[in-house]
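Student: missing the sequence, but the structure's below:
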């Protein structure tokens, strides 16, 4: 794809919001939007929303004199990227949905379905905070928590479902998780978990912590320590050069990075000391990564 008028439609389906964009061959987002996911409405309504969004974005591209060439859709949970099926997500009512086929038939464009976190890791590794590293662990923290390990420019998928980092148990006696387990990292340290415990949005917990509110500070400290426990496990298993923290909670900046670095580094023994970095693209990484997947697919078809 060399014509600057060529774009791909990129969609990242989250538990709370759907981030979407038109992405050009340089990885620049020509247009961006956000829409509520409306997960409580059920699977048919969520799929209908996705189809409406990709149609609207393709039409918008044409109205602006751009040519939509392919579509990239990223979803959370267990994704069969080969068959293009969204198999399971704890925070979305998608069970064995052939989403790639549905989108391709709806638009008549080549479509790729990817895992949202692996797509985000690809974006950060190619264009963002991890672009100067060979081994990078990307950990977005928002409604849920997951991870993607990028090594040598490739995102490792395991047998197909690698990266469910949020369902590592860090507090065995902790709260119930949406997956059915107890004490999962996601149930303790995600933005949603912090908000549930505090009765206020996570950014407000951060602000109150900075202002010296002891109750907020305690909740924040517990979440940070749980996150550090998870990261220490990941460091022992994977040995990344850099851990890149993304997602909505990364907007807390040094209020998150500072204490996480302290907790991790204080407890490291013989393991490599990783760089702990803030993601370049925040909670937009998955959307940009979906665009990169679509660009890769289009370029393969035209070579």
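Tutor: Sure, I can see it. Computed from a prediction, not measured in an experiment: that's the story for all the values here. Numbers count the residues shown, from 1 in each chain.

Student: what sits against the spatially closest residue to residue 79 that is not a sequence neighbour?
Tutor: Of all residues not flanking residue 79 in the chain, residue 115 sits nearest, at 4.5 Å (CB to CB, 6 or more residues apart in numbering). Any C-beta I mention is one placed from the backbone N, CA and C, and that applies to glycine too. The contact partners of residue 115, by CB atoms under 8 Å, 6 or more residues apart in numbering, come to 74-77, 79, 81, 148, 157, 163.

Student: For residue 115, name its beta-bridge partners.
Tutor: residue 75 (DSSP bridges).

Student: What of residue 86?
Tutor: residue 79, residue 97.

Student: so how far is residue 67 from the most centrally placed residue in the chain?
Tutor: With distances taken as CA atoms, centre = their mean, residue 117 lies nearest the centre of the chain, 3.8 Å away. Distance of residue 117 to residue 67, given as CB to CB, to the nearest Å: 29 Å.

Student: same thing with residue 136?
Tutor: 33 Å.

Student: So which of these two has more stuff around it?
Tutor: Counted by other CB atoms under 10 Å, residue 136 and residue 67 do not tie: residue 136 has more neighbours, with 27 against 12.

Student: Pull up the per-residue confidence for that one.
Tutor: Note for residue 136: predicted pLDDT of 97.

Student: Now do the one helix or strand residue 103 maps to: everything it contacts.
Tutor: Residue 103 is part of helix 99-107, with elements assigned from DSSP states H and E. For helix 99-107, the surrounding residues in contact (CB under 8 Å, 6+ apart) are 9, 47, 50-51, 54-55, 58, 68, 71, 73, 75, 83-86, 110-113.

Student: Okay, buried residues for that helix please.
Tutor: Buried residues in helix 99-107, counted by 16 or more other CB atoms under 10 Å: 99-100, 102-104, 106-107.

Student: So residue 232 lies in a strand, does it not?
Tutor: No - assessed with DSSP: H, G, I helix; E, B strand; the rest coil, residue 232 is helix; it does not lie in a strand.

Student: For it, which residues are in contact?
Tutor: Contacts for residue 232 (CB under 8 Å, 6+ apart) come out as 264, 267-268, 271.

Student: These in helices, which ones?
Tutor: Taking DSSP state H, the ones among the contacts of residue 232 that sit in helices are 264, 267.

Student: can you pick the most crowded of the contacts of residue 232?
Tutor: Neighbour-wise, those (other CB under 10 Å) top out at residue 264, 22 neighbours.

Student: Skipping its backbone neighbours, what lies nearest that one in space?
Tutor: Nearest to residue 264 is residue 228, by CB to CB, 6+ apart, at 5.0 Å.

Student: what's near enough to touch that neighbour?
Tutor: Per CB under 8 Å, 6+ apart, neighbours of residue 228: 260, 263-264, 267.

Student: How about residue 31, nearest residue that isn't a chain neighbour?
Tutor: residue 22 is the one closest to residue 31 (CB to CB, 6+ apart), at 4.5 Å.
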